[in-house]
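Chemist: got a sequence here, can you model it:
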Amino acid sequence: MWRDSYVTDSAISLAVVLVSFIQIRFLTVSKKTKVHPVIPLVAAQAVIFGISPLYRILVDADPTVPFIQPESVTPGLAAGLLFSITLFAAVVARTSLDVRYQALDVNGREAAQHDAEPGQPSESVLVVAISIASLVAIVGTAANIRAVGGLSLFLAGRSAKVAAATSIGYLSYSPLLVTATITSACILRRRTFSPTLRLVVGLGLLLSVAAFLPQGARRFVIPAIAVPIVARVATIGIRFSKKQTLVVLGLAFLILGTIPFLRAAGAREQAGGWHVILVEGLMSPVSTLDRFLSSHDTSMPENLAYQIENVSPTYTFGALASEDVLYALLPSQYAYTPPSVHDRVLIELHGGGCVPGFSCEDQSVLGSLHFEGGFIFVAFGGLLAGWMLTGVHANWAKFRRPSTIATLSVAWVFAPIIYRAVLTPPLIWLLIVLVPTRLFIAALQTPNGARVLTTPQTESAPVL
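Modeler: Take a look at the predicted model:
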C-alpha cells in the first residue's frame, strides 16, 4: 500500500510537516500566542498526516486493519495537506485583522479589560462547589458501576456491556462537573491556593481521572487534567522551563500512548494486570513510540483514503453534523437517535456503525467534512477552524474575562481531540465541559470590587 506511491506520499507528508512547523513558528513569536488554541491542533496534524505516514513508509508498515487497504493513501494525505493550508491561511488573515483592530482601538480595549475584571470568590465557596460536584460525580460513577454489573467488571476494561451501560444518560459525564468547578477555581482565584483548596482540587482531579481511566477514556482523562492547567496558565501566566515541559510531555505521552492497550476487554488479564502494561510502556519508550506511530492511533490517512475511494459525499454541508448535536441533547433512552455522521460513513463502508462486531476506525475530522461536502468542505473546515480558534485567542488577549479564559482553555484542549477523531461526538464533549464551566463562573464570580457573601475573609481581585 505504501510502497506503491511512496515518493508522492512522502512529498505530501513532508509538506504537511513543513506547513505545520511554519505555522507554529508564526504563532509562537509572542509569549501571548503560546496559548493559542491552534497550536495543539497543528501539532496533531503534523503527527497524524506528516510524521506517522513518513514512519510507516520508512518501516513499510502493514495496514492497521487488514480489510482497510486503499489502493493509494495519497487522497487521504492530500486532504490533510489541503486542510493544513486553509487552516494556516485563516489564522494569518484573522491575526492580521486583529492586529489592525487593536492598533485602532487601544483605549477601548484597555477600558474593556478593566471593566471585565471580576471579584474573587472566597476559597470556602470554591471548596463547597468542588465538593458538591465531586459528590454528584461519585453518585454518577456508582450508578455506572451498578449498571455494568459490579466493580470487577467495570475495572476489567472495555466490553460490549460496559460500553452500552456507560454511553447512555447524563450520569456518565458527571465527573466532568468536577473538571468544570476546578477550572472555575483556577480562573477566578488568582492568588495562590491555600493548602485546603489545593487538597480539594487534587482529590477532585484524582476522582475525575479514576472515574474515566478504567475504560481508557482518553477523551475525558485528558480534559480532566489539561483544561484546569491551561486555565491556570492563561489566568496568571505560569511559565514552565523547557526541561520541565519535555519531562511532563514525555511522561504524558508514554502513559496516554499505553492506554489503548490497557482498555481492551481481557487485555489486562492476559498481560498480568494493568500495572504490567503500564510499566512496560514506561520502561520501553521506543516500543511505545513505534506502536503509536504504526497503530490505529495514527492510521487516519489510510482510513480517510479508504473512505474517499468507497463513499460518495452527501453534499449536505454540515446539516448532518448539526442534527447530531441537536439529538445529542436528548437522553438516548427516551428519544430516537439517528446514526451519527461517523456511523453513516461506517455503514456505507462495512454495513454497520460503531458498535461491537463492526469496524470502528476513525478517519479524523476530515472524514466527516469530506462525507458532508467533499474536498470543498475539507478546505472550508480548515478556514472555519483557523478563523474561529484565532478569534477565541483574540478575545482572550483582548478582554481576559473569566468566560473568555474558559473558552480558550477548553478550545486549546479539545481542538486536537476533535481533529484526531470525528466531528460531532468530540464537539458534544467540548460543550459538556464548556457549558458547565461558564455557568459555574457566572454563578461564582462577583461584580467588580464586590465581596462574596459579604464575608470579611474575601479580598478584592488584583489587577492583571
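
Chemist: which residues does stretch 226-243 contact?
Modeler: The contact list for stretch 226-243 (Cβ atoms under 8 Å, 6 or more residues apart in numbering) reads 35, 179, 182-183, 185-187, 190, 201, 205, 248, 396, 405-406, 408-410, 412-413, 433, 437. (C-beta placed from N, C-alpha, C; glycine too.)

Chemist: sort out for me which of those are in helices.
Modeler: 179, 182-183, 185-187, 201, 205, 248, 396, 405-406, 408-410, 412-413, 433, 437 (DSSP state H).

Chemist: just the buried residues of these.
Modeler: Buried members of the ones in helices among the contacts of stretch 226-243, scored by 16 or more other Cβ atoms under 10 Å, are 179, 182-183, 185-187, 201, 205, 396, 405-406, 408-410, 412-413, 433, 437.

Chemist: quick one: mean pLDDT over the helix or strand containing Val42.
Modeler: In this structure, Val42 sits in helix 38-46 according to DSSP states H and E. Here helix 38-46 scores 94 as its mean pLDDT.

Chemist: relative to the whole chain's centre, how far out is whatever helix or strand comes next after that helix?
Modeler: Next helix or strand after helix 38-46 toward the C-terminus (DSSP H and E): helix 52-59. Offset of helix 52-59 from its chain centre (Cα atoms, centre = their mean, to the nearest Å): 25 Å.

Chemist: and the protein, what are its domains?
Modeler: Each domain of the chain is listed here as a residue range: 3-104+299-444, 123-294+445-454, per automatic domain parsing.

Chemist: most tightly packed of those domains?
Modeler: A comparison of these by mean neighbour count, using mean count of other Cβ atoms under 10 Å, puts domain 3-104+299-444 on top with a mean of 19.

Chemist: grab the nearest non-local neighbour of Ser13.
Modeler: Pro53 (4.3 Å; Cβ to Cβ, 6 or more residues apart in numbering).

Chemist: ok, now which ones touch the one you found?
Modeler: Here Pro53 is in contact with Trp2, Asp9, Ser10, Ile12, Ser13, Val73, Leu77, Pro301 (criterion: Cβ under 8 Å, 6+ apart).

Chemist: and the residues you listed, which is closest to Ala147?
Modeler: The shortest approach to Ala147 among the contacts of Pro53 belongs to Pro301, at 37.2 Å (Cβ to Cβ).

Chemist: now that closest one. Nearest residue, chain neighbours left out?
Modeler: Pro301 sits nearest to Gly76 (Cβ to Cβ, 6+ apart), 4.0 Å away.

Chemist: what does Ala319 give?
Modeler: Glu372 (7.4 Å).

Chemist: secondary structure element for the one you found?
Modeler: Using DSSP H and E, Glu372 falls in helix 365-399.

Chemist: does Pro70 count as helix, strand or coil?
Modeler: When classified by DSSP: H, G, I helix; E, B strand; the rest coil, Pro70 comes out as coil.

Chemist: roughly how far apart are it and Ala305?
Modeler: Distance, Pro70 to Ala305, by Cβ to Cβ, to the nearest Å: 4 Å.

Chemist: next one: Leu203
Modeler: Distance, Leu203 to Ala305, using Cβ to Cβ: 46 Å.

Chemist: what of Leu207?
Modeler: Applying Cβ to Cβ, the value for Leu207 to Ala305 is 41 Å.

Chemist: ok, now Leu423?
Modeler: With distances taken as Cβ to Cβ, Leu423 is found 18 Å from Ala305.

Chemist: find the least confident helix or strand in this protein, judged by mean pLDDT.
Modeler: helix 106-116 (a mean of 43; mean pLDDT, DSSP states H and E).

Chemist: got a list of what the residue nearest the centre of the chain touches?
Modeler: The structure's the chain has its C-alpha centroid closest to Phe414; by Cα atoms, centre = their mean the separation is 2.6 Å. Neighbouring residues of Phe414 by Cβ under 8 Å, 6+ apart: Pro223, Pro426, Trp429, Leu430, Val433.

Chemist: let's have the residues you listed in JSON lines, adding secondary structure and distance to Gly381.
Modeler: Formatted as JSON lines, the contacts of Phe414 follow (DSSP: H, G, I helix; E, B strand; the rest coil; distance: Cβ to Cβ, whole Å):
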{"residue": "Pro223", "secondary structure": "helix", "distance to Gly381": "22"}
{"residue": "Pro426", "secondary structure": "helix", "distance to Gly381": "14"}
{"residue": "Trp429", "secondary structure": "helix", "distance to Gly381": "18"}
{"residue": "Leu430", "secondary structure": "helix", "distance to Gly381": "16"}
{"residue": "Val433", "secondary structure": "helix", "distance to Gly381": "22"}
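
Chemist: including pLDDT and distance to Phe88, could these go into a markdown table?
Modeler: A markdown table is the format used below for these (pLDDT from 0 to 100; distance: Cβ to Cβ, whole Å):
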| residue | pLDDT | distance to Phe88 |
| --- | --- | --- |
| Pro223 | 91 | 26 |
| Pro426 | 86 | 22 |
| Trp429 | 85 | 26 |
| Leu430 | 91 | 22 |
| Val433 | 91 | 27 |
